[in-house]
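*Asks:* missing the sequence, but the structure's below:
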């Protein structure tokens, strides 16, 4: 089972939804970065359940522990091990799922692949695995901010048919965090809240889209061909549970335009190359061009609904499954910090790869690197 991401800034996550705990190991973080558990905790608090009536009521503090790689408040260059303990696990709520496959979940596909599965909340396929991603992402966000001045901010752009109006160049964290939906458009956020609440009361769920902006990334991050920056961002974000689509810049809307309409024209400003528009989303030819990196991730409605559904059991017999347990009626509010984390992990990796490339390509006069 693949649980690793990255080339130089490498991350492995581990743990199951109803096991002892979940966490991550970050390998490749440079030494000397100031890092405190409180910085990681702030990000985990944005992801944790029970923070509003719009999300799962599971009661978890998700308190992070740094087990290695940090000494006297600074990273040492050694692997950084992070973990949180599971406190409110209730595997008995999933007993019916031991023999029945939940529609649109990973139950059947994991069983088909491995011949065994952890049915307690989905085990490894549960979104609780993303605690490790967010914890590791907090380290990456700190590195990006401290070393390159890069800031990453995501927000809910759409819930079902309700879409926000947002200026990605100007939106602030305080605007995003001003409401439980995490949408910076107050009017749209209230309509989204009502949509989610109506679905919850009906025992149903809804999906939508998250937009993410990375500000301050310099030109040159990314690789041609297979490790294109947008390809790695897509891989990272599409690995998030319930994600179903990715687009960058103009995305699919760009297919309705002609080349003369879509091209981002260059001009020079204060000693740097700029583009007059940003339909490329800050990436051209797989490499960042110095403009705002802007992409969107689509999330499906949560698969667990509180209604009876037709399915089959492990003996291939017809069955009816009644949804139980504690689940989000919409993943988007809690997925915002997860999208930010995956973007940060990808960008931190490519930033270090670019540093390594430039160091090798431009050795000092003594012939060293």
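*Replies:* Alright, I've got the coordinates. The model shown is predicted, which means the values in this text are computed figures rather than measured ones. Residues are numbered from 1 along each chain as shown.
*Asks:* Please go through this protein and pick out the longest helix.
*Replies:* When the chain is parsed with DSSP state H, its longest helix is helix 332-361.
*Asks:* and that one, average pLDDT?
*Replies:* The pLDDT scores in helix 332-361 average 94.
*Asks:* Which other helices and strands does it contact?
*Replies:* helix 37-47, helix 130-148, strand 151-159, strand 208-215, helix 229-238, strand 293-299 (3 or more CB pairs under 8 Å, 6 or more residues apart in numbering; DSSP states H and E). (C-beta placed from N, C-alpha, C; glycine too.)
*Asks:* can you tell me which of those comes nearest to residue 175?
*Replies:* Shortest distance between residue 175 and the helices and strands packed on helix 332-361, using CB to CB, is found for strand 151-159: 7.9 Å.
*Asks:* how about the helices in the stretch 51-200 of the chain?
*Replies:* Ranges of helices in the stretch 51-200 of the chain, per DSSP state H, counting those that start in this stretch, are 107-114, 130-148, 173-176, 186-201.
*Asks:* and the last one, how far from the chain's centre?
*Replies:* Right, the one you point to is helix 186-201. Centre-to-centre, helix 186-201 and its host chain are 22 Å apart (CA atoms, centre = their mean, to the nearest Å).
*Asks:* Kindly report the same for stretch 201-212.
*Replies:* Chain-centre distance of stretch 201-212: 16 Å, with CA atoms, centre = their mean.
*Asks:* re earlier: could you provide the helices and strands packed on helix 332-361 in JSON lines, with additional columns for distance to residue 6 and mean pLDDT?
*Replies:* Below are the helices and strands packed on helix 332-361 laid out as JSON lines (distance: least, CB to CB, whole Å; pLDDT from 0 to 100):
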{"stretch": "helix 37-47", "distance to residue 6": "18", "mean pLDDT": "95"}
{"stretch": "helix 130-148", "distance to residue 6": "9", "mean pLDDT": "97"}
{"stretch": "strand 151-159", "distance to residue 6": "16", "mean pLDDT": "98"}
{"stretch": "strand 208-215", "distance to residue 6": "16", "mean pLDDT": "98"}
{"stretch": "helix 229-238", "distance to residue 6": "9", "mean pLDDT": "98"}
{"stretch": "strand 293-299", "distance to residue 6": "17", "mean pLDDT": "98"}
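*Asks:* Ok, which of the ones you listed comes nearest residue 341?
*Replies:* Closest to residue 341 of the helices and strands packed on helix 332-361, according to CB to CB: helix 130-148, at 2.4 Å.
*Asks:* Does anything pack onto the closest one? Which helices or strands?
*Replies:* In this structure, helix 130-148 makes packing contacts with strand 10-15, strand 21-27, helix 37-47, strand 80-85, strand 151-159, helix 332-361, judged by 3+ CB pairs under 8 Å, 6+ apart.
*Asks:* Make TSV out of these and add mean neighbour count.
*Replies:* What follows is the helices and strands packed on helix 130-148, written out as TSV (neighbours: other CB atoms under 10 Å):
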stretch	mean neighbour count
strand 10-15	21
strand 21-27	23
helix 37-47	18
strand 80-85	22
strand 151-159	24
helix 332-361	23
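*Asks:* Touching, residue 339 and residue 239? I think so.
*Replies:* No. Counting by CB atoms under 8 Å, residue 339 does not reach residue 239; the two are 11.2 Å apart.
*Asks:* just to revisit the earlier point, out of the helices of the stretch 51-200 of the chain, flag the one nearest residue 344.
*Replies:* helix 130-148 (3.8 Å).
*Asks:* I'd like to check the angle between that closest one and helix 37-47, please.
*Replies:* 130 degrees (axes from the mean of the first three to the mean of the last three CA atoms, to 10 degrees).
*Asks:* Distance from helix 130-148 to the middle of the chain?
*Replies:* So, by CA atoms, centre = their mean, the centroid of helix 130-148 is 11 Å from its chain's centroid.
*Asks:* again with stretch 167-180
*Replies:* Distance of stretch 167-180 from its chain centroid, counting by CA atoms, centre = their mean, is 17 Å.
*Asks:* thinking again about what came up before, any chance of the helices and strands packed on helix 332-361 in TSV with distance to residue 195 as columns?
*Replies:* As requested, the helices and strands packed on helix 332-361 are exported to TSV (distance: least, CB to CB, whole Å):
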stretch	distance to residue 195
helix 37-47	21
helix 130-148	23
strand 151-159	5
strand 208-215	9
helix 229-238	23
strand 293-299	14
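*Asks:* in the sheet, who's paired with residue 298?
*Replies:* residue 209, residue 245 (DSSP bridges).
*Asks:* who touches it in this structure?
*Replies:* Applying CB atoms under 8 Å, 6 or more residues apart in numbering, we find residue 298 in contact with 207, 208, 209, 243, 244, 245, 246.
*Asks:* One more: residue 348?
*Replies:* Taking CB under 8 Å, 6+ apart, we find residue 348 in contact with 9, 140, 143, 144.
*Asks:* I figured the first one was touching residue 29, is that so?
*Replies:* Yes. Under the criterion of CB under 8 Å, residue 9 makes contact with residue 29 at 6.7 Å.
*Asks:* Need the overlap of contacts for those two.
*Replies:* In contact with both residue 9 and residue 29: residue 143, using CB under 8 Å, 6+ apart.
*Asks:* where are the low-confidence patches of the chain?
*Replies:* Counting by pLDDT under 70, the ranges of the chain that qualify are 1, 50-52, 57-59, 88-94, 324-326, 361-369.
*Asks:* Apply 50 and report the result again.
*Replies:* For the chain, the stretches with pLDDT under 50 are 365-369.
*Asks:* right, so of the helices of the stretch 51-200 of the chain, which gets closest to residue 62?
*Replies:* Of the helices of the stretch 51-200 of the chain, nearest to residue 62 by CB to CB is helix 130-148, at 6.2 Å.
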